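Asks: Sequence and predicted structure, then a few things I'm wondering about:
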Amino acid sequence: MPRRYQATGFVPIVAPPARVTRLADTDALVKGDPVIDDGSGYASNNFTAITTAFLGIVAAGVDNSGDDGLSVEIYPFDDKTQYIVPVKANEVIDRADVGLYVNLSENNNIALNITVTTGIAFFIEDIDISVAAIAANTYGYAIGRFRHVGVQAA
């Protein structure tokens with residue numbers, strides 16, 4: 001079955017964990033967005049770097065920008081679920097990038113030039129630079145999972 005390529009966001013390519021529900025911050029949360037706990041217990045996509053407050057990936061989008069008290073479904077953070085995500089700018093992903101621990105470029109894609117040595121990162125396990133992938137996103141797609149890195153890995 002051919003792969004579908006999304007413009008933004010993290011899409012699970014293996015069976016994701018069971019969804020959990022969290023109250024949404026006053027944001028429009030889009031399927032595939034990573035979310036954090038905003039410090040008040042709400043899920044928020046208003047950040048550009050993965051932190052220890054990382055909750056997981058939005059499984060079903062919700063627009064709570066009107067502060068309507070809506071909840072959002074999330075695939076909770078685990079180190080087993082493999083995702084595909086577009087690479088943002090700076091360079092086409094290649095085999096040399098496999099094994100890198102990277103951070104977000106914006107909220108919904110990764111940057112190859114922002115490596116992580118401590119904390120939570122996206123670990124690149126494979127790449128997709130097929131003709132179809134490059135046609136969908138100039139810099140290709142990374143395939144991998146979120147992991148604890150460095151001191152927090154213990």
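Replies: On my side now, so go ahead. Numbering: from 1, shown residues only.

Asks: By mean pLDDT, which helix or strand of this structure comes out lowest?
Replies: strand 101-106 (a mean of 88; mean pLDDT, DSSP states H and E).

Asks: For it, C-alpha coordinates in CSV please.
Replies: Only the C-alpha atoms of strand 101-106 are listed here, as CSV (Å, rounded to 0.1, in the frame of the first residue of the first chain):
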residue,chain,number,x,y,z
TYR,A,101,18.4,12.9,18.0
VAL,A,102,16.7,16.1,16.8
ASN,A,103,14.3,18.7,18.0
LEU,A,104,11.4,20.5,16.4
SER,A,105,11.9,23.2,13.8
GLU,A,106,8.4,24.5,14.3
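
Asks: Now for Asp27, how many residues are close by?
Replies: For Asp27, the neighbour count with other Cβ atoms under 10 Å is 21. Every residue, glycine included, has its C-beta placed from N, CA and C.

Asks: nope, Glu91 is what I meant
Replies: Look at Glu91: counted by other Cβ under 10 Å, it has 12 neighbours.

Asks: Tyr5 too?
Replies: 18.

Asks: before we move on, what about Asp78?
Replies: Residues near Asp78, counting by other Cβ under 10 Å, number 12.

Asks: Excluding chain neighbours, give the residue nearest to it in space.
Replies: The spatially closest residue to Asp78, leaving aside those adjacent along the chain, is Pro17, at 5.4 Å (Cβ to Cβ, 6 or more residues apart in numbering).

Asks: dump the residue contacts of that neighbour.
Replies: Pro17 is in contact with Tyr75, Pro76, Asp78, Lys80, Thr81, counting by Cβ atoms under 8 Å, 6 or more residues apart in numbering.

Asks: ranking the residues you listed by neighbours, who comes first?
Replies: Neighbour counts for the contacts of Pro17 (other Cβ under 10 Å) peak at Tyr75, which has 21 neighbours.

Asks: Just the pLDDT for the closest residue to that residue other than its chain neighbours.
Replies: The shortest distance from Tyr75 to any non-neighbouring residue, by Cβ to Cβ, 6+ apart, is to Pro16 (4.3 Å). Looking at Pro16, its pLDDT is 93.

Asks: For the residue nearest to Asp78, which three-state class applies?
Replies: Assigned with DSSP: H, G, I helix; E, B strand; the rest coil, Pro17 falls in the coil class.

Asks: measure it to Gly56 for me?
Replies: Pro17 sits 8 Å away from Gly56, taking Cβ to Cβ, to the nearest Å as the criterion.
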